[in-house]
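[1] sequence first, predicted coordinates after that:
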Amino acid sequence: AFLGPRAVRCQQNFLSRYLWDEERMLERHQGLLAEAVGEEDGMHTVDSTEIPKKGKESVGVARQYCGNLGKRENCQSGVFVGYTSRKGYGLVDRRLYVPKIWFEEQYAERRRKCGIPSELQFQTKIEIALELLEKQMQRGLLAGRWIGSDSFFGSDAAFRDTIARWGKLYLAEIRSNIQVWPLAGEQQGSPEKALAVSEIARSERTPWQRVVLAEGSKGPLVAEVSIQRVRESREGQPGQELWLIIRRLEGGKLKYYLSNAPQDMEAEELKRALLMRWPIEQCFEDGKKYLGMDHYEHRSWNGWHRHMLYVFLAMLFLLRLRLKFKKKLQL
């Protein structure tokens with residue numbers, strides 16, 4: 001349909017305009033991923049990634065924070081759902097984040113040219129993430145008891161509350177200024193105010209344990225970890241009991257997580273959950289380095305989503321090759 005002597009940008013036109021059912025294709029991909037790595041105690045993960053863009057006509061492009069560059073820059077941003085189990089990992093779904101300015105009247109012609117659905121309304125990244133995750137829960141192709149997120153999503157209490165209402169366990173990375181009450185202090189009289197998790201990490205009373213989290217391809221993955229029960233601070237008032245997990249990386253950098261896992265959960269399972277959160281970031285790195293995730297010339301809504309679907313399929317192909325030759329990720 002797009003070839004011939006007058007053909008221009010055939011591949012771009014095919015991906016943007018041809019009538020094929022990418023939703024059915026995506027569901028088939030998810031089913032194959034489930035066959036390859038699905039486990040009852042797997043983890044769905046959510047994260048966003050940005051792709052720098054020079055022009056202003058690509059769908060959803062705007063000056064916004066770009067994680068790749070570590071600053072505000074002209075870029076597109078997508079929200080992604082991944083999946084991790086002991087057997088491996090992959091990307092599951094995606095949605096382009098469309099900044100609020102794109103819904104103003106002066107962008108009407110640009111929305112039309114990019115093929116943005118007329119019914120689409122502005123959603124925050126957190127709203128998009130919850131919608132994509134709920135879609136996975138309803139579809140039920142990929143089993144899992146955990147949901148993991150980075151600190152952008154995990155620091156939002158409403159986001160974590162929604163996951164808990166679904167009956168799922170979360171391992172949510174949080175910002176260093178999130179405040180909690182250490183439960184160990186309740187027996188000796190609670191502190192007058194909640195403490196930032198960064199203060200707890202610096203306290204001499206915080207216990208640390210050097211542990212082997214997993215056996216990696218270059219040897220054991222060793223980390224210093226502190227795990228303790230805390231009471232969450234909600235607008236200065238005591239909230240529910242949660243697990244606070246602090247991980248000290250090489251070089252001294254700290255990462256903080258909250259989890260609603262039950263009090264009697266084994267520490268080993270919490271440590272395994274730590275390992276299940278990072279593979280979505282590995283997917284972004286591999287996708288951009290090897291699979292052209294950020295190399296495209298599509299300006300349209302359809303083109304962006306279909307391009308990402310092809311990246312998912314390429315990842316699935318490589319995952320199945322790795323499993324065939326027994327090179328499994330140990331979690």
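    Good, I have the coordinates. Numbers count the residues shown, from 1 in each chain.
[2] quick one: pLDDT of the residue lying farthest from the centre of the chain?
    Most distant residue from the mean C-alpha position of the chain: Pro5, 44.0 Å away (C-alpha atoms, centre = their mean). What the model reports as pLDDT for Pro5 is 71.
[3] what helix or strand does it sit in?
    Following DSSP states H and E, there is no helix or strand that holds Pro5.
[4] and it, how far is that from Ile245?
    62 Å (C-beta to C-beta, to the nearest Å). All C-beta atoms are positioned from the backbone trio N, CA, C, and that covers glycine.
[5] the longest strand belonging to the chain: partners in the sheet, and parallel or antiparallel?
    Assignment by DSSP state E gives strand 219-234 as the longest strand of the chain. With DSSP bridges as the test, strand 219-234 is paired with strand 179-182 (antiparallel), strand 209-216 (antiparallel), strand 237-248 (antiparallel).
[6] which of the ones you listed has the lowest mean pLDDT?
    Lowest mean pLDDT of those: strand 209-216, a mean of 71.
[7] those strands in the protein, which residues are they?
    With strands called from DSSP E, the chain shows them at 43-52, 62-66, 71-84, 89-97, 146-149, 169-174, 179-182, 195-196, 209-216, 219-234, 237-248, 254-259.
[8] dump these into a markdown table; add mean neighbour count and distance to Phe284 as well.
    Shown next, in a markdown table, are those (neighbours: other C-beta atoms under 10 Å; distance: least, C-beta to C-beta, whole Å):
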| stretch | mean neighbour count | distance to Phe284 |
| --- | --- | --- |
| strand 43-52 | 23 | 5 |
| strand 62-66 | 16 | 13 |
| strand 71-84 | 21 | 8 |
| strand 89-97 | 23 | 9 |
| strand 146-149 | 27 | 14 |
| strand 169-174 | 24 | 15 |
| strand 179-182 | 21 | 30 |
| strand 195-196 | 17 | 29 |
| strand 209-216 | 14 | 19 |
| strand 219-234 | 16 | 20 |
| strand 237-248 | 18 | 20 |
| strand 254-259 | 22 | 17 |
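[9] could you report the neighbour count for Ser118?
    7 (other C-beta atoms under 10 Å).
[10] touching, Ile51 and Gln76? I think so.
    Yes - contact criterion C-beta atoms under 8 Å: Ile51 and Gln76 qualify, at 5.0 Å.
[11] per-residue confidence for Phe325?
    For Phe325, the model assigns a pLDDT of 87.
[12] please disregard the earlier target; I meant Ser203.
    On the pLDDT scale, Ser203 is placed at 90.
[13] try Arg94
    Among the per-residue scores, Arg94 shows a pLDDT of 98.
[14] for it, name its beta-bridge partners.
    Beta-bridge partners of Arg94, counted by DSSP bridges, are Phe80.
[15] for it, which residues are in contact?
    The neighbours of Arg94, taking C-beta atoms under 8 Å, 6 or more residues apart in numbering as the test, are 78-81, 132, 305, 308-309, 312.
[16] with only the CA atoms kept, save stretch 47-66 in PDB.
    In PDB, the C-alpha atoms belonging to stretch 47-66 read as follows (Å, rounded to 0.1, in the frame of the first residue of the first chain):
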ATOM      1  CA  ASP A  47       8.900   3.100  35.500                       C
ATOM      2  CA  SER A  48       9.200   5.900  33.000                       C
ATOM      3  CA  THR A  49      12.000   6.700  30.500                       C
ATOM      4  CA  GLU A  50      12.700   9.700  28.300                       C
ATOM      5  CA  ILE A  51      13.900  10.100  24.700                       C
ATOM      6  CA  PRO A  52      15.500  13.400  23.800                       C
ATOM      7  CA  LYS A  53      14.000  15.100  20.600                       C
ATOM      8  CA  LYS A  54      15.300  18.100  18.800                       C
ATOM      9  CA  GLY A  55      12.100  19.200  17.000                       C
ATOM     10  CA  LYS A  56       8.700  20.200  18.300                       C
ATOM     11  CA  GLU A  57       6.300  18.200  16.100                       C
ATOM     12  CA  SER A  58       6.800  14.700  17.500                       C
ATOM     13  CA  VAL A  59       3.800  13.500  19.500                       C
ATOM     14  CA  GLY A  60       4.000  14.500  23.200                       C
ATOM     15  CA  VAL A  61       7.300  16.300  22.900                       C
ATOM     16  CA  ALA A  62       7.900  19.100  25.400                       C
ATOM     17  CA  ARG A  63      10.500  20.700  27.500                       C
ATOM     18  CA  GLN A  64      10.400  18.500  30.600                       C
ATOM     19  CA  TYR A  65      12.700  16.500  32.900                       C
ATOM     20  CA  CYS A  66      14.800  14.100  30.900                       C
END
